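Asker: need a structure here:
(2 chains)
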Amino acid sequence: MTDITELSAVELRDAITAGDISAVAAAEAYLEAIDRIDPRLHAYNEVHRDRAMERASDIDRRLSAGERPGPLAGVPVALKDNLCTAYGRTTCSSAILADYRSPFTATAVRKLEDAGAIVLGKTNLDEFAMGSTTETSATGPTLNPWDTGRVPGGSSGGSAAAVSAGICAAALGSDTGGSIRQPAAFCGVVGFRPTYGRVSRYGVVTYGSSLDQVGPLARDVSDCALLTAAISGHDPADSTSVPADVPDYPATVDTPLENLKIGVVREFLSDSLDADIRQAIDSAAETYASLGAEVREVSLPYSAIDRDDEGNISSHAVACYYIVAMAEASSNLARFDGVHFGHRTAERVRDIVELYSRTRAEGFGDEVKRRVMLGTYTLSAGYYDAYYNKAMKVRRLIHRDFERAFETVDVLLGPVAPTVAYRLGEKADNPLQMYLGDIYTISVNLAGLPGLSIPGGVSKAGLPLGIQLIGPVFSEQTLLRAGHMFEQASGIRRLRPDLAGT
Amino acid sequence: MAKQIDIDLVRHVGKLSRIELTDEQVRTFSRQLGEIIGYFDKLRELDTDNVEPMAHAVELTNVFAEDAPGESLTPEAALSNAPDRRDDMFQVPRIIGTGS
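Answerer: You can find the predicted model right below:
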């Protein structure tokens, strides 16, 4: 008897569609795995048991009536808890939304369900997606399935841990500065941030409006292609979603690319990168060369990492990213005011301003407060030009670097994060150090590009190593095909942690 | 590179952000925000004269929607998460005639 939870999403969909496995059996297998494994990881904030079983029965009923319920028929998935669902709660792992029940469902979620997917529940994240470890969650941290003394990354840490531990077949996350790609790297799964505007942001609780994008976390690149195709496309409800055709990603994912030109980013291979990750990138470059790709060095000067005499590292891109993201956050989070929804202070207040200020003091955690305050500061009178306007200009320069690089290569190859998964608490008291860990992912968000994070091996200490492929806008198809080529040639795919020790 | 963000400025920004702060938070944030803003100052090294600001990565302009009525939330759905309501309205404390 096959263990259903060992199958990829594509395999499970095929087995369900062929009638070899029922959707109900698949949902039961995953719900049982959640019961057995999740108490040790806390990947889920909430499990929608009854609804998942009802939806699975419905898929089985439609299949037996001869219908075709879609390309994700019966595949159990998890959703990052900042994607609104008109069932269950949508908490963003924040006390201010602890009991929030959205009256609507995010477009990406609706499309996934329309394709036949079964939603198992909502996964943990850094509060409002603000963090890189899932430790800022008001519901407590998620633990890394590879080593429960370590973080799963963030902010989509719950989704990454759930895919890695086999307690969902695939998941959705959101990526504002690396929040899909970095946890995917830390947990040894595939994570894809599509081009800005490829997937509707309608119903995604906004952090940085010009940076956020929804994308999948999956066991392999083929599964990733399946989910990306299901959620992509123009949505009139999101005026920043792009009216462009969506190629059939799953149909072409296993077709190798001819004459592929790969650029290795010189600035990304500095000494601030772990030796194991450096090694994984070198060997990925060799793999591509052996497949006939041309590998050359390219330069992204504005994404460079500087190191001063005392060894402190810094980056213009990180400074630029955090100014933009925090400014947008300070504006977007103004809606959490205790008036229309969410927590309201129970204390007696004199006036409306005190109601806002006390509600937000009670409802937001420290990292959210820091970011809202920093964003408010950089947008305030006298500082706007020095910080926000300056950052928007630097953003243009970063974007131009990429445009120039893509004149000579199709895809960029680099790391996802400078290190393997951090130990729990390692970055908790030093926000600036945590921000610097985003050094290889944020430029992609500033430039609006797609980025694919795939496993590039396992470190000497037994932790997953992530590598990243970056392409020009709307090059999803190329990235998925390039990722699939690497998976096939290297044999590095579907890494599974040993959960016995957790 | 840390910049001094004094206690008064932290309180001021807290007020603008509509977040009440304890004295301890003011002290902690004064240090942390100073460090981070000092780091932001790194951008001053770059010459950005003659560079157009870039607000959005994929620059769409003039996105219009059909001016056609469609379905929207019912008052009951819109009010379903309200901390306090009266009839079909959100209820809040008095707004007019107070300071700050």
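Asker: tell me which element A:D35 is part of?
Answerer: A:D35 is located in helix A:23-41, with elements delineated by DSSP states H and E.
Asker: by contact count, what packs against that helix?
Answerer: helix A:9-17, strand A:44-47, helix A:49-64, strand A:76-80, strand A:118-123, helix A:157-165 (3 or more CB pairs under 8 Å, 6 or more residues apart in numbering or on different chains; DSSP states H and E). C-beta: built from backbone N, CA, C; applies to glycine.
Asker: Could you pull out the buried residues of it?
Answerer: Using 16 or more other CB atoms under 10 Å in any protein chain shown as the test for burial, helix A:23-41 gives A:23-31, A:33-34, A:37-38, A:41.
Asker: Next: stretch A:324-334.
Answerer: Neighbour-count burial for stretch A:324-334, with 16+ other CB under 10 Å as criterion, is recorded at A:V324, A:A325, A:M326, A:A327, A:E328, A:A329, A:S330, A:S331, A:N332, A:L333.
Asker: where do the strands sit along chain A?
Answerer: Counting by DSSP state E, residue ranges of the strands within chain A are A:44-47, A:76-80, A:118-123, A:170-174, A:190-193, A:214-218, A:261-265, A:294-298, A:306-307, A:313-314, A:411-415, A:451-458, A:464-470.
Asker: Mean neighbour count for the ones you listed - can I get that in a markdown table?
Answerer: Supplementary listing: these in a markdown table, determined by neighbours: other CB atoms under 10 Å in any protein chain shown:
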| stretch | mean neighbour count |
| --- | --- |
| strand A:44-47 | 22 |
| strand A:76-80 | 31 |
| strand A:118-123 | 28 |
| strand A:170-174 | 30 |
| strand A:190-193 | 33 |
| strand A:214-218 | 32 |
| strand A:261-265 | 21 |
| strand A:294-298 | 15 |
| strand A:306-307 | 13 |
| strand A:313-314 | 17 |
| strand A:411-415 | 25 |
| strand A:451-458 | 27 |
| strand A:464-470 | 27 |
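Asker: Flag the shaky bits of chain B, pLDDT-wise.
Answerer: Along chain B, segments meeting pLDDT under 70 span B:1-4, B:97-100.
Asker: Just give the nearest non-adjacent residue to the closest residue to chain A within it, would you?
Answerer: Shortest chain B-to-chain A distance, computed as CB to the nearest CB: residue-wise this is B:A57, at 2.3 Å. Taking CB to CB, 6 or more residues apart in numbering or on different chains, and ignoring the residues beside it in sequence, B:A57 has A:G448 as its nearest neighbour in space, at 2.3 Å.
Asker: And the most centrally placed residue in chain B, its phi and psi?
Answerer: Against the mean C-alpha coordinate of chain B, by CA atoms, centre = their mean, the closest residue is B:S17 at 6.4 Å. The phi/psi pair for B:S17 (degrees, to the nearest 10) reads phi -80, psi 0.
Asker: still on that earlier bit, my read: the residue of chain B closest to chain A touches A:L446, true?
Answerer: Yes: the criterion here is CB atoms under 8 Å, and B:A57 meets it with A:L446 at 6.9 Å.
Asker: Switch the buried residues of helix A:23-41 over to CSV; also include pLDDT and distance to B:V51.
Answerer: CSV is the format used below for the buried residues of helix A:23-41 (pLDDT from 0 to 100; distance: CB to CB, whole Å):
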residue, pLDDT, distance to B:V51
A:A23, 98, 54
A:V24, 98, 58
A:A25, 98, 58
A:A26, 98, 53
A:A27, 98, 53
A:E28, 98, 57
A:A29, 98, 55
A:Y30, 98, 50
A:L31, 98, 53
A:A33, 98, 52
A:I34, 98, 50
A:I37, 97, 50
A:D38, 98, 48
A:L41, 98, 45
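Asker: between the residues you listed, which is closest to A:D114?
Answerer: When those are compared for distance to A:D114 (CB to CB), A:A23 wins out at 15.2 Å.
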